[in-house]
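S.K.: okay, predicted coordinates and the sequence, questions at the end:
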Amino acid sequence: MRTYKFDPKEVEVQNKTSEQDKEQAALEALVNYAIECARDANVFGSGEALEQAKRHLVRSVLL
């Protein structure tokens, strides 16, 4: 009989955490992509307006 390092519930918790980490990383990448596209299209100009848009987007998507 095998003995496992983690019991099934611990593995389930680890998998869920891993999925949440992946989701967080994907959302961060999406925010960065959106800001980069806005910068390339000169939607917000540059400087403070762009940073403010990024902060607002981060608050809306990630929090």
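M.R.: Cool, got the structure.

S.K.: host element of residue 9?
M.R.: helix 8-41 (DSSP states H and E).

S.K.: helices or strands next to the helix or strand just after that helix in the packing?
M.R.: Next helix or strand after helix 8-41 toward the C-terminus (DSSP H and E): helix 48-62. Packed against helix 48-62, as judged by 3 or more CB pairs under 8 Å, 6 or more residues apart in numbering; DSSP states H and E, are the following elements: helix 8-41. Just so you know, the C-beta spots here come from the backbone N, C-alpha and C atoms, and that holds for glycine as well.

S.K.: quick one: mean pLDDT for the helix it packs on?
M.R.: Helix 8-41 carries an average pLDDT of 85.

S.K.: just want the angle from it to helix 48-62.
M.R.: Computed by axes from the mean of the first three to the mean of the last three CA atoms, to 10 degrees, the angle separating helix 8-41 from helix 48-62 equals 150 degrees.

S.K.: what helices and strands are in contact with helix 8-41?
M.R.: helix 48-62.

S.K.: residues of the helix it packs on that come out buried?
M.R.: Using 16 or more other CB atoms under 10 Å as the test for burial, helix 48-62 gives 50, 53, 54, 57.

S.K.: pick the one among those closest to residue 23.
M.R.: Using CB to CB, residue 57 is the member of the buried residues of helix 48-62 that lies nearest residue 23, at 16.3 Å.

S.K.: distance of the residue lying closest to that closest one once chain neighbours are set aside from residue 43?
M.R.: Of all residues not flanking residue 57 in the chain, residue 31 sits nearest, at 5.3 Å (CB to CB, 6 or more residues apart in numbering). Look at residue 31 and residue 43: by CB to CB, to the nearest Å, they are 15 Å apart.

S.K.: ditto for residue 54
M.R.: 12 Å.

S.K.: quick one: contacts for the residue nearest to residue 57?
M.R.: 54, 57, 58, 61, 62 (CB atoms under 8 Å, 6 or more residues apart in numbering).

S.K.: give me that answer again for 7 Å
M.R.: 54, 57, 58, 61 (CB atoms under 7 Å, 6 or more residues apart in numbering).
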